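A.B. asks: sequence unknown, structure follows:
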């Protein structure tokens, strides 16, 4: 099968809006990659204004979506939506390229390496041989086309929160599981039961493959659907690594599935969007009591008010 890659350089003002369009039109949602910028190879203005993480190298954020090459109507609809967005705020011209099967098989592998997160978590691409140190918890991942590789700050923040909050024996709900990385981490950190849900069939397929790859099938169940599809019960820890607006819209459902005394960790939130989520959570009876931040991205830890 052939795929089309649509990519757009984004900043803090446009990342969420572009990601929302890519979630709507792309297969497997949006991917946001960070590319290092080298002096002399990019425009001086871009270099000056670029965010600089702790490593000290300026970066460019690029949002990507992948569509079947034969679905011309969907590609045209996405291009129209991006054009309308560009009329509201500055947006670079989208870059479009077709990927053959061989191109696709290697395109998303470039740049991946073993990623060390928190005290114990290590994200290991499936094609890299890695011998863990004593005490390390390794997650072997084949990201495929699903969001959640461990590279993006939103996923890293969720993993950090997970390592801090999860107590062995907890029941965990992972909303918008993507590649399944958070569910796998929860199981390997000692969760007794994990339910991973995603509305995208390709994400469900990828997550199931990664769950099997990590040998946590007994603890993790992956289902296609949304958190509001049915009464899925209550969980000690609910993870929602989705966009701010979606967290806000799903707030009543997320609250309903968070057990008394439990935690809801909401991520995928730009700091400028925090008030939207805080207001929606408050109306749903949730209070934000923990906050994790990396650059301009947030993860928020919420509990039922009064707990």
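C.D. replies: Now that the structure is in, tell me what you want to look at. Source: prediction; values computed, not measured. Residues are numbered from 1 along each chain as shown.
A.B. asks: from the chain's centre, how far out does the particular helix or strand that has residue 67 in it sit?
C.D. replies: Element membership of residue 67, judged by DSSP states H and E, is strand 59-68. From the chain centre to the centre of strand 59-68 is a distance of 13 Å (Cα atoms, centre = their mean, to the nearest Å).
A.B. asks: after that strand comes which helix or strand?
C.D. replies: Following strand 59-68 in sequence, per DSSP H and E, is helix 72-86.
A.B. asks: now for that following helix, which elements pack on it?
C.D. replies: On a contact count with 3 or more Cβ pairs under 8 Å, 6 or more residues apart in numbering; DSSP states H and E, helix 72-86 meets strand 3-10, helix 15-25, strand 59-68. All C-beta spots, glycine's among them, are computed from the backbone N, C-alpha and C.
A.B. asks: at 10 Å what do you get?
C.D. replies: Other elements packing on helix 72-86 under the criterion 3 or more Cβ pairs under 10 Å, 6 or more residues apart in numbering; DSSP states H and E are strand 3-10, helix 15-25, strand 59-68, strand 95-99.
A.B. asks: just to revisit the earlier point, quick one: strands adjacent to the strand holding residue 67?
C.D. replies: Partners of strand 59-68 in the sheet, by DSSP bridges, are strand 3-10 (antiparallel), strand 31-36 (antiparallel).
A.B. asks: among those, which is nearest residue 88?
C.D. replies: strand 3-10 (13.9 Å; Cβ to Cβ).
A.B. asks: so the closest one versus helix 15-25, what angle?
C.D. replies: Comparing the axes of strand 3-10 and helix 15-25 via axes from the mean of the first three to the mean of the last three Cα atoms, to 10 degrees yields an angle of 160 degrees.
A.B. asks: now do the buried residues in strand 3-10.
C.D. replies: 3-10 (16 or more other Cβ atoms under 10 Å).
A.B. asks: just the closest of the residues you listed to residue 212, please.
C.D. replies: Closest to residue 212, out of all of the buried residues of strand 3-10 and judged by Cβ to Cβ, is residue 3, at 23.9 Å.
A.B. asks: distance check, the closest one against residue 15.
C.D. replies: Distance of residue 3 to residue 15, given as Cβ to Cβ, to the nearest Å: 22 Å.
A.B. asks: go on, residue 158?
C.D. replies: According to Cβ to Cβ, residue 158 stands 17 Å off from residue 15.
A.B. asks: between the buried residues of strand 3-10, which is nearest residue 80?
C.D. replies: residue 6 (12.4 Å).
A.B. asks: quick revisit: tell me which of the helices and strands packed on helix 72-86 sits nearest to residue 275.
C.D. replies: helix 15-25 (13.6 Å).
A.B. asks: packing partners of the closest one?
C.D. replies: If you count contacts as 3+ Cβ pairs under 10 Å, 6+ apart, helix 15-25 packs onto strand 3-10, strand 31-36, strand 59-68, helix 72-86, helix 244-249, strand 258-270.
A.B. asks: just the mean pLDDT for that helix, thanks.
C.D. replies: Per-residue pLDDT over helix 15-25 has a mean of 83.
A.B. asks: relative to helix 72-86, how tilted is that helix?
C.D. replies: 160 degrees.
A.B. asks: so for helix 15-25, what gets flagged as buried?
C.D. replies: Using 16+ other Cβ under 10 Å as the test for burial, helix 15-25 gives 15-23, 25.
A.B. asks: could you do stretch 152-165 as well?
C.D. replies: Within stretch 152-165, the residues scored as buried using 16+ other Cβ under 10 Å are 152-163, 165.
A.B. asks: columns distance to residue 258, pLDDT and secondary structure on top of the residues you listed, output as a markdown table?
C.D. replies: A markdown table is the format used below for the buried residues of stretch 152-165 (distance: Cβ to Cβ, whole Å; pLDDT from 0 to 100; DSSP: H, G, I helix; E, B strand; the rest coil):
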| residue | distance to residue 258 | pLDDT | secondary structure |
| --- | --- | --- | --- |
| 152 | 24 | 74 | coil |
| 153 | 23 | 82 | helix |
| 154 | 19 | 84 | helix |
| 155 | 20 | 86 | helix |
| 156 | 22 | 88 | helix |
| 157 | 18 | 92 | helix |
| 158 | 15 | 94 | helix |
| 159 | 19 | 93 | helix |
| 160 | 19 | 93 | helix |
| 161 | 14 | 96 | helix |
| 162 | 15 | 95 | helix |
| 163 | 19 | 94 | helix |
| 165 | 12 | 97 | helix |
